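Asker: Generate a structure from the sequence data that follows.
(chains A, B, C and D, ligands or ions: 2)
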Amino acid sequence: MDKPTLVLGVIGADVHAVGNRILDYAFTQAGFQVINIGVLASQEEFINAAIETDAQALLVSSLYGHGEIDCRGLREKCEEAGIGDILIYVGGNLVVGKQDFGEVEQRFLEMGFDRVYPPGIMPERPIADLKRDLGLEEGAGGGEHPAHGLRQHLH
Amino acid sequence: MDKPTLVLGVIGADVHAVGNRILDYAFTQAGFQVINIGVLASQEEFINAAIETDAQALLVSSLYGHGEIDCRGLREKCEEAGIGDILIYVGGNLVVGKQDFGEVEQRFLEMGFDRVYPPGIMPERPIADLKRDLGLEEGAGGGEHPAHGLRQHLH
Amino acid sequence: MEVTNRRLDQDEFERERQEVLRQWMTGGEVDLAEAVEYQKNLPRHKVLAYKLEQGKEQGITYAQPRAGVALINEHIELLRFLQDEGGADMLPTTIDSYTRQNRYTEAQGGIEESRTVGRSMLNGFPAVNHGVNACRRVVESVNVPVQVRHGTPDARLLAEITLAGGFTDFEGGGISYNIPYAKDVPLADTIRHWQYVDRLVGMYEEKGVRINREPFGPLTGTLVPPCISHAVAVIEAVLAVEQGVKSLTLGYGQCGNLLQDVAAVHTLTQLAEEYLAKLGLGPVSLTTVFHQWMGGFPQDEAKAYGVISWGAATAALAKASKVIVKTPHEALGIPTKEANAAGIRATKQVLNMLKDQRLPRTEELKAEEDIIRAETRAILDKVLELGDGDMALGAVRSFQAGVIDVPFAPSRFNAGKILPARDHQGAVRILDFGNVPFGQEIRQFHQEMIGKRGKAESRDPSFQMVIDDIYAIGKGMLVGRPR
Amino acid sequence: MEVTNRRLDQDEFERERQEVLRQWMTGGEVDLAEAVEYQKNLPRHKVLAYKLEQGKEQGITYAQPRAGVALINEHIELLRFLQDEGGADMLPTTIDSYTRQNRYTEAQGGIEESRTVGRSMLNGFPAVNHGVNACRRVVESVNVPVQVRHGTPDARLLAEITLAGGFTDFEGGGISYNIPYAKDVPLADTIRHWQYVDRLVGMYEEKGVRINREPFGPLTGTLVPPCISHAVAVIEAVLAVEQGVKSLTLGYGQCGNLLQDVAAVHTLTQLAEEYLAKLGLGPVSLTTVFHQWMGGFPQDEAKAYGVISWGAATAALAKASKVIVKTPHEALGIPTKEANAAGIRATKQVLNMLKDQRLPRTEELKAEEDIIRAETRAILDKVLELGDGDMALGAVRSFQAGVIDVPFAPSRFNAGKILPARDHQGAVRILDFGNVPFGQEIRQFHQEMIGKRGKAESRDPSFQMVIDDIYAIGKGMLVGRPR
Ligand code: B12
Ligand code: B12
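Answerer: Numbering: from 1, shown residues only, chains lettered A, B, ... in the order given. Ligands and ions are numbered 1, 2, ... in the order given. As a prediction, this is how the structure comes out:
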């Protein structure tokens, strides 16, 4: 079986490269095909890379605080590009300042993201989540994570 | 004119001696006759010293947290001993823990103290206050400090 | 009363013991044989002496808070919180001030009032009033060793109850818990009372239970020159070992100058070993405890974190065995459990980051060590001389003579003539020696060091300089410069 | 584009200037002659270069925060708060990330949206969009000097506007604001753009206005070995001085090991002086800036205070001229003004307490200094060789060849082959040298140091070790030990 493919990148005018490098390494180690478009990535670059490589997921990082502005409309653009059902995860320091994560998560779920991670998350959890969401884990299917369910519901 | 006399001490089972030593020095330098009864001083010791030396004020320190228990009834005992009108100031870390000072002040004013000082106060202010309350400062009389006024009112 | 440094006679001790156990009703709960069994059944990781030895081997500096409240359940909750949320390596039970003065009736009042008002009206845990079983509940509720920390001139009953109660470490000493903590208690009395405590620990030791003893290093916590606290620590070590204590942690309170503080930690156990050997005592296991700055703190929490972290850094660079942690509430009042845990976490972050670093040995460091050794020996040799070779007798006579003199101590058995002041780099030196028996060379050194500072500040060293130094750290400085 | 280290031709500069000032409408507000007058009228205590020189004489380490929000009034309020409540010795204006990428339209959007939602939607102050007069309002609202801090590969317009706006210090450089801050911008371009900035500063200098320039020391902030950041700092100093800059503050980001960090600060200006002299440049005024740990922080605020305070302690012991302060919110997001002020206060408490202390010179410290000097010279000599004696050319070619290689940098003009890892004491060493031109002796030193750690951890050094080190401080350690 082919390795599941994902597109990894840091969105907007954001140059934080360290977490990106670690995620690349960790997801590769975990058996994924990682297409790493690096920092300063536009929404278009994410979508084009996904279409070209037939990826099953986008892993969007935003560290520098402009995540809310930069991520807006990404789901809609995916839909327009015909990959509206692709999984989209987002993580990092998504907003300016120390804000209640519950509210931040809610905002991003409403923007169409499937999973939203709090600052400083270690790779283990998103790796497990992605395997589950892609149905790669034994006896596991997508959607049982409440957040994921919520997004499905909102769309 | 004789130097105004005050009794200085640390009340209860309290052994904090450093502030006591500095207050002794500072009030002496400021022209007062300081009768220092030191640490571990009981209410009775304060009162006896005041009667013996005909003191105009008691300066009660409590640092260790039991101030509330230790200071209770001091004003009443003074009244019984016939020095009910003596000025009583209290300062230090009066209660257990970091509590709102406004409330602490209120509690001690109600217990009959004339002035109540927050943690870590420098000697300058109480010296000025005492001079004013004793009418030693040019053109100044006692009682214009709101706390002082309040105590007068409560009694 | 006269006191000498001789192991207490067993019969005399037993008679005294019956009296002690009658001082408060909970004394009746103590049964030594049963207590020894209880202690023996404690898992090793709950025994402080073993943990300290383990840490010593691995070069770890542990972090320990201070904490105690009036009621048992609240106290347990507090300790658990400090263990789980603070990451405390070892826990304390800080005793309230009434108990410290053996005022058990007032302590009882405090317990009751705390129940009524729903917050602790006592500044610590009244272990005597609560009794043996309550202590065991405390010890059993946590996963790390628990130590009794207090300030009790006569701690005989407290020791009986808490050691039977499963505590494995007992702070204090006949000098260090008298001079800074009492006004009117003769030194011979407290030394004698602490011989009792040490003898009790010795008895546990003989029955196979290791209790660690920790003389209280910082004394008044306020500008105490290392030689003074070292002299006291060494004397208390000698007295304890004579009574059969085998495991000791010697303490020192941070002064703030890195070189002086590291030198102080380095020389502390060296000097104790030296005098123990000289007096034919030992071998014993010696470790060190470094107290983060014990004097007046800044009220601002961020600044307090700065002071706390600098203490942690010094402890780590000096490789102290453990560090006693202050909290961001220090200047204001007994900390909440959250503030206490936060102090531990800040401390542990620094300890962990500096775990594998130490201050390299330099000429300057060696010079500080040399001066501390020379000063401490000058004092201790005089103590032995005054005591005709007996440390207990010598200690009493030395305090009488002002040979040992603790700055700002409340006790009238302390001469109170010494005046400390910081030098230009913030090391604590001596401005007025009182009767501390230093030779010309040492005196000159202190005068020069303080003189340099005076020159830099264009003022003559005086009591005002001392006052400025007392306030300095609270105001965000180390050296109290004139404005 | 090819770039050489020669002073820009004045005519060419003037032509370019007209273009630059047309990049955004606010460029029209700049009038150099008037700006020089404005700068000349600033009181001395508001000029960063003078303050730094004063501090250097007195051996003071200043504290400076980072801070910037989208809207002018809020930005002024923020700076005032940091000055009054934090006690900041000098203030920043941190520029937002759109402005840094010259995306002024998006910055404008951020300004508008910030107005609408009532909180800053930008991670900094969009100075270009706000223009010259807004900058002056900022400068006039506070009592200490203000510096522009950013991360802008092409900062020509930003420099024009902010220097005309009364800022007296400008951070950045052609390498240090490209390699860590860009992906696709050729190095020759940014070096050229920063020659413009430096030339502009040189013109102010020639007209009697002293603007300080500060190359960005920490680069990616993540395990950057001192020799790499030193090499970049020296090159940027050389480039700046060539354009007429007379006052420079060289930067270094804390690695965490005390000896290495102090050695790094000590060698930084030495090496710059050495190469400036070698190239016949100078004299200039050189000072240093120490950045508290720039990599991943712990989320817990108490732990963050520990990291912050340890940075402050190192800066003070190294006698850096100033320290850039982190905040207890670092791991989570742009700090509130309260958290920012708290970081400054914790820092200043430690700086003040250590003001008169320094780390004594030891063999170990000297050894660290020697190795940093040897490594940096190995790199810089190769840079000059590759550039045929020209630092600008050499820098471009060196990055191409991986002779200078910044760990974890996003730029594709950086080789990205080097891998750093900590040794057993936490000093940052090099695990994979890539093409960094070290001789056998230096290589062996690094291998041995990391080898010792590997042995202690019973594992072979690998990328996993690097990852562990990246996470370590965030998890409360310095060295990322295996669990
Ligand atoms: C040094 C110190 C000690 C030393 C004291 C040595 C000695 N014998 O003097 C030692 C280590 C022995 C000690 C012991 C204890 N301490 Co203590 N100690 C301190 C500390 C760090 C500094 C006190 C000091 O010397 N300050 C410097 C002097 C100059 O300032 P000051 O005392 O505040 O006095 C000034 C002002 O307050 C004012 N003032 C004081 N009294 C009065 C009265 C009047 C009328 C006026 C006008 C002004 C005034 O003027 C003084 C001069 O400026 C404080 C915390 C702090 N402040 O940082 C804790 C502190 C006072 N201690 C405390 C406690 C609880 C204890 C112990 C019970 C141990 C424990 N549980 O941790 C024991 C108590 C022993 C006893 N029976 O009293 C608590 C009190 C808690 C509370 N109120 O909620 C404090 C606040 C620490 C804390 N946050 O937990 N302590
Ligand atoms: C190092 C660093 C820098 C370096 C970056 C070097 C480089 N090119 O990589 C430098 C110094 C250049 C820098 C610059 C800036 N930075 Co910066 N930086 C940091 C810092 C200290 C560490 C980041 C890091 O490397 N962490 C280590 C890695 C391993 O962790 P990570 O990035 O968080 O990624 C992990 C997880 O978050 C997660 N994750 C990340 N993305 C995703 C995505 C998905 C889908 C999933 C599942 C998981 C996931 O997995 C990763 C691996 O565990 C953080 C604060 C912190 N965290 O301590 C600030 C921080 C991110 N920076 C910040 C800012 C604002 C900036 C600047 C604008 C400057 C400024 N104003 O101070 C510029 C921005 C430049 C730009 N255009 O982007 C802010 C962001 C604020 C906010 N969101 O509110 C932070 C939080 C600091 C702060 N509190 O102010 N920075």
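Asker: near chain B, which residues of the stretch 301-450 of chain C show up?
Answerer: C:H329, C:A331, C:L332, C:G333, C:I334, C:P335, C:T336, C:A339, C:F408, C:A409, C:P410 (CB under 8 Å from any CB of the partner chain). The way it works is simple: take the backbone N, C-alpha and C, and place the C-beta from them, glycine included.
Asker: Now the closest residue to the third one other than its chain neighbours. Its backbone dihedrals?
Answerer: Pointing back at C:L332 there. In this structure, C:L332 finds its nearest non-sequential neighbour in B:K98, 4.2 Å apart by CB to CB, 6 or more residues apart in numbering or on different chains. With angles defined as degrees, to the nearest 10, B:K98 sits at phi -90, psi 100.
Asker: Identify the residues contacting B:K98.
Answerer: B:K98 sits next to C:H329, C:L332, C:G333, C:P335, C:T336, C:A339 when contact means CB atoms under 8 Å, 6 or more residues apart in numbering or on different chains.
Asker: Columns secondary structure and neighbour count on top of those, output as TSV?
Answerer: Below are the contacts of B:K98 laid out as TSV (DSSP: H, G, I helix; E, B strand; the rest coil; neighbours: other CB atoms under 10 Å in any protein chain shown):
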residue	secondary structure	neighbour count
C:H329	coil	21
C:L332	coil	22
C:G333	coil	21
C:P335	coil	21
C:T336	coil	16
C:A339	helix	20
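Asker: Could you export those to TSV, including columns for pLDDT and distance to B:H16?
Answerer: Listed next are the contacts of B:K98 as TSV, based on pLDDT from 0 to 100; distance: CB to CB, whole Å:
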residue	pLDDT	distance to B:H16
C:H329	97	16
C:L332	94	14
C:G333	93	13
C:P335	95	17
C:T336	95	21
C:A339	98	20
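Asker: What is the nearest of the residues you listed to ligand 2?
Answerer: Of all those, ligand 2 sits closest to C:A339, with 23.4 Å by CB to the nearest ligand atom.
Asker: anything in the strand or helix carrying A:R107 near chain D?
Answerer: Under the criterion of DSSP states H and E, A:R107 resides in helix A:101-110. No - counting by CB under 8 Å from any CB, chain D is not contacted by helix A:101-110; separation bottoms out at 9.3 Å.
Asker: Tell me which helix or strand comes right after that helix.
Answerer: Counting by DSSP H and E, what follows helix A:101-110 is strand A:115-116.
Asker: Quickly run through the sheet partners of that next one, with directions.
Answerer: Partners of strand A:115-116 in the sheet, by DSSP bridges, are strand A:87-92 (parallel).
Asker: and the partner strand, is it in reach of ligand 2?
Answerer: Yes - Strand A:87-92 comes into contact with ligand 2 (CB under 6 Å from any ligand atom), by way of A:Y89, A:V90, A:G91, A:G92.
Asker: now the residues you listed as CSV including pLDDT and neighbour count?
Answerer: Output for the residues of strand A:87-92 next to ligand 2, formatted as CSV (pLDDT from 0 to 100; neighbours: other CB atoms under 10 Å in any protein chain shown):
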residue, pLDDT, neighbour count
A:Y89, 98, 22
A:V90, 98, 24
A:G91, 97, 25
A:G92, 97, 23
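Asker: What residue in chain A comes nearest to ligand 1?
Answerer: For chain A, CB to the nearest ligand atom, closest residue to ligand 1: A:K98, 27.9 Å.
Asker: what comes up buried for stretch C:10-19?
Answerer: C:F13, C:E16, C:R17 (16 or more other CB atoms under 10 Å in any protein chain shown).
Asker: need the next SSE after the host helix or strand of C:Q18, C-terminal direction.
Answerer: Element membership of C:Q18 [criterion: DSSP H and E] is helix C:10-21. Later in the chain than helix C:10-21, the nearest helix or strand by DSSP H and E is helix C:32-40.
Asker: From one end of stretch C:397-416 to the other, what's the distance?
Answerer: The first and final residues of stretch C:397-416 sit 15 Å from each other (CA to CA, to the nearest Å).
Asker: Which strand residues bridge the spatially most central residue of chain A?
Answerer: Most central in chain A under CA atoms, centre = their mean is A:Y89, positioned 2.2 Å from the mean C-alpha point. In this entry, A:Y89 is beta-bridged to A:L59, A:R115, by DSSP bridges.
Asker: can I assume it is in contact with A:G112?
Answerer: No - at 11.7 Å, A:Y89 does not count as touching A:G112 under the criterion of CB atoms under 8 Å.
Asker: so what's in contact with those two at the same time?
Answerer: By CB under 8 Å, 6+ apart, no residue touches both A:Y89 and A:G112.
Asker: Identify all contacting residues around stretch C:368-383.
Answerer: C:225-228, C:230-231, C:234-235, C:259-260, C:262-264, C:266-267, C:270-271, C:275, C:391, C:394-395, C:397-398, C:403-404, C:427, C:436-439, C:442, C:445.
Asker: one more time with 7 Å
Answerer: C:226-227, C:230-231, C:234-235, C:259-260, C:263-264, C:266-267, C:271, C:275, C:391, C:394-395, C:398, C:403-404, C:436-439, C:442, C:445 (CB atoms under 7 Å, 6 or more residues apart in numbering or on different chains).
Asker: Buried residues, it. List them.
Answerer: C:368-369, C:371-373, C:375-380, C:382-383.
Asker: Equivalent analysis for stretch A:56-70, please.
Answerer: For stretch A:56-70, by 16+ other CB under 10 Å, it's A:56-70.
Asker: Quick check: what element follows the top strand by length along chain A along the chain?
Answerer: Longest strand in chain A, counting residues (DSSP state E): strand A:33-41. As assigned by DSSP H and E, the chain's next helix or strand after strand A:33-41 is helix A:43-53.
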